[in-house]
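Engineer: Got a predicted structure plus its sequence, pasted below:
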Amino acid sequence: MESTDIIIIGAGVGGLSAAAYLAQAGRKVVVLEQEHHIGGTAHVFERGGFVFPTGPKSVTMPAHILDYLCELGVEELPCFARDSFQVRRGAMDVMISAPLHEIKEQLLEFFPGEQDGILTVFNVLEEVMATLDVIKPEDLTITTESPTLAESWDAVSAEEFMDSHLHDERLKDLLGSQGTSEPEMSVALLARMWYFMSKKGIWYPGGGICKIPELLAMRVRAFGGEIRLGERVEHIMVHRGTATGVELSGGAKIKSDHVISNADYKETIFDLLPHNSITANRQEAISRMPLTSSNFTIFLGVKSERLDLSAIRGHHLIVKLMEGKPVPWELKRPRIEDFLQDEIWLSLWSKHDPGLAPPGCEALIINVTAPFEHFASLEGSGRCHEQYHSMKEKMADALVAAASRVVPGLSRAVVVREVATPLTYKDLGHRSNGSVAGWSWRFGDHSGPMAQSLAITPVRGLLMVGMQSFTSLFYGGMGTALYSGRYAAAIVLSETCVHERDKLRGE
C-alpha cells in the first residue's frame, strides 16, 4: 500500500494552500483532485472564443492573498484591478463601490427626507468597520465575556436595524443587502460587506481568476509536493476514530498520518467517511447546517455593435426592473414578467480583460438567485433530463429578454450562450445543494463566535479547508480559503512537533 505524510482531497485554493505550506515545511504531500484541472471553482471554461468563470469572478482582500503568496515564495505576484459595482432601481442609480462618504452623499440626494436615518445607519457602519481593521481571524473564532463592538452588532439583524431608522424600501434594501434584496444578515456581517465593497475593494486578478491556484500549484510542485488530477477519493479510511488514509475510485489505497479535505463539507462527512465515524447527534447537527442559496446563470458572448451597454457604468450592475416581491421559482413561468421583480446581476466580465472575448465582442454574465429544491425534482435522466433542458433554456430566454430592458439589443447580439442552474453548481461544482457562497449568511443561522472554525472535525487526523471551514468569510471566499490552508497546515505541524517531543520523552 502506498503511503505519504499528508493526503489532501481536492485541488481547490484551500487544499493547494495547505499543500504548499506543508510541502514548504518538508512534509510529503499528495493532492488528489477528481477533476482534470486545479482550482476547484476558481476556474474558467471556454466557448466559441469566449472565456467565462465557473465560480467567483473577483476576490476581496488582495493584500492578504499577496502576503500568503509571498510567504510561499511566489516571485511574480499578480496585479489586481478594482471592480466597480452599480445598483439601479427606478430613478435610483448608485455606485456602491465608491468610498462610504460618497455613497452617503448619493443617497442623501436621492432620499432627502431620510437624512436622519441615513446618517445614523452610516455612523454605525463606520464604527463597526473601524473595528474590522484591527480584528484578526483568530479574534473572531472565540466568544468573549466582554463582547467587542462588532460582536455586539452581530447579535442585531440588519433587517431590524434598517426598519428602525429608514422608511423607503429601496433604501433599506440597498444599505441592508448592497443590492435590491431584503436584508438578511447581521449588522456586523453587513458592515464587513461594506468594508469589502467601499473601503478595501473587490478586485479582478490579472491573468484571470484561475491565476491564484496556478501560482499555488507551482509552489506545491516546487517544494516537492505531488498533485494528481483525475483521482477521485471514494472513502476516507478510519481506524479507531482516526483517519488513516483514503481509498480511490479504482480501489487503490493510500495510507497517511493526516487527511485534509477541500471537498464540500457535507459530502466529506456523509459520503466520504464511514457512517459510524461520528455520532448520530453530530450528523444530525451537520445535516441541519444551512448553506447559501444557488444561482441561475447565463453566460453570454455578444457582438458589441449590436447592443447598447451604456447602462452598465462599471463592471457589475445590480438591477430591479419592477417593484414588488420576486415571483417564487415554483410559480415562475418562462416569460419576461416573471423576472422583472428579481434582483438581476449583469457582469461585464471582459471589461477588465478584453482577451476574454474575441475582437468586437464582450463576455457578459447574467444571474439571479435560485433555490436548489426547485430544480432537484428534475435531476436524473430520460424524460426528466429533457424537461430540465427545455425548462432551463426557456427560462434563460425570458431572463435575457428581461435584461434587454437595461441592455437594449441584447437578445439579437448573442453569439454564444451557456446556462447554469443549481444542478450545474451541484454536479460540476461539487457543492451541496449547489450553494455558491458557503454557509448561510442569514441572521440567526449560526450560533457562537462570529467566525466559528470547522477545520477540526470529529475524526482525529481529519481537517477541513476551503471557505466552508469557517462559518464566516472574513477575508472573502478566496482569501478565507487561502487562510484556511495556512491554518490547517499550522495544526498539522504543531501536532507533529508534539508527537516528536513525546517520542523523545518516551511518552
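Structural biologist: Here it is on my side, so go on. Numbers count the residues shown, from 1 in each chain.

Engineer: and the protein, what are its domains?
Structural biologist: 2-45+61-78+206-289+448-505, 94-200, 294-434 (automatic domain parsing).

Engineer: got a list of what residue 392 touches?
Structural biologist: If you count contacts by C-beta atoms under 8 Å, 6 or more residues apart in numbering, residue 392 has them with 296, 419, 421. All C-beta spots, glycine's among them, are computed from the backbone N, C-alpha and C.

Engineer: change it to 7 Å
Structural biologist: 419, 421 (C-beta atoms under 7 Å, 6 or more residues apart in numbering).

Engineer: For the helix or strand harbouring it, which residues meet the burial criterion?
Structural biologist: Per DSSP states H and E: residue 392 is located in helix 383-403. Across helix 383-403, burial judged by 16 or more other C-beta atoms under 10 Å covers 388, 391, 392, 395, 396, 397, 398, 399, 400, 401, 402, 403.

Engineer: Off-centre distance for it?
Structural biologist: Relative to its chain's centre, helix 383-403 lies at 25 Å (C-alpha atoms, centre = their mean, to the nearest Å).

Engineer: right, and the helix or strand after that helix?
Structural biologist: Taking DSSP H and E, what comes next after helix 383-403 is helix 410-413.

Engineer: Give me the buried positions along that following helix.
Structural biologist: 410, 411, 413.

Engineer: same deal with stretch 423-438?
Structural biologist: Buried residues in stretch 423-438 (16+ other C-beta under 10 Å): 423-426, 429-438.

Engineer: Residue 9 touches residue 261, doesn't it?
Structural biologist: Yes - counting by C-beta atoms under 7 Å, residue 261 is a contact partner of residue 9 at 4.5 Å.

Engineer: For the two, indicate the residue with more neighbours.
Structural biologist: Higher neighbour count among residue 9 and residue 261: residue 261, with 31 against 26, using other C-beta atoms under 10 Å.

Engineer: beta partners of the more buried one?
Structural biologist: Per DSSP bridges, the residues bridged to residue 261 are residue 9, residue 464.

Engineer: my guess is it meets residue 268, correct?
Structural biologist: Yes - using C-beta under 7 Å, residue 261 makes contact with residue 268 at a distance of 4.5 Å.

Engineer: which residues do the two both contact?
Structural biologist: Common neighbours of residue 261 and residue 268 (C-beta under 7 Å, 6+ apart) are residue 464.

Engineer: Could you find the closest non-adjacent residue to the residue most central in space within the chain?
Structural biologist: Nearest to the mean C-alpha position of the chain, counting by C-alpha atoms, centre = their mean, stands residue 437 at 3.5 Å. Leaving aside its sequence neighbours, residue 437 sits nearest to residue 292 (C-beta to C-beta, 6 or more residues apart in numbering; 4.1 Å).

Engineer: Contact partners for the one you found?
Structural biologist: 435, 436, 437, 438, 439, 440, 441.

Engineer: Let me know the secondary structure of the second one.
Structural biologist: Put plainly, it is residue 436. Under DSSP: H, G, I helix; E, B strand; the rest coil, residue 436 falls in the coil class.

Engineer: circling back: could you pull up phi and psi at the residue nearest to the centre of the chain?
Structural biologist: phi -140, psi 40 (degrees, to the nearest 10).

Engineer: show me what contacts residue 358?
Structural biologist: Residue 358 sits in contact with residue 49, where contact means C-beta under 7 Å, 6+ apart.

Engineer: Where does it sit: helix, strand or coil?
Structural biologist: Going by three-state DSSP: residue 358 is coil.

Engineer: Kindly report the same for the one 5 residues further on.
Structural biologist: The assignment at residue 363 comes out as strand when based on three-state DSSP.

Engineer: Quick one: low-confidence residue ranges for the stretch 1-150 of the chain.
Structural biologist: Applying pLDDT under 70 to the stretch 1-150 of the chain flags the ranges 138-146.

Engineer: Going by residue numbers, what spans are strands in it?
Structural biologist: 2-9, 29-33, 44-47, 50-53, 59-60, 80-82, 85-89, 92-95 (DSSP state E, counting those that start in this stretch).

Engineer: elements contacting the last one?
Structural biologist: With contacts defined as 3 or more C-beta pairs under 7 Å, 6 or more residues apart in numbering; DSSP states H and E, the packing partners of strand 92-95 are strand 85-89, helix 100-110.

Engineer: What of the longest one?
Structural biologist: For strand 2-9, the contact count by 3+ C-beta pairs under 7 Å, 6+ apart identifies helix 13-24, strand 29-33, strand 242-248, strand 253-261 as packing neighbours.
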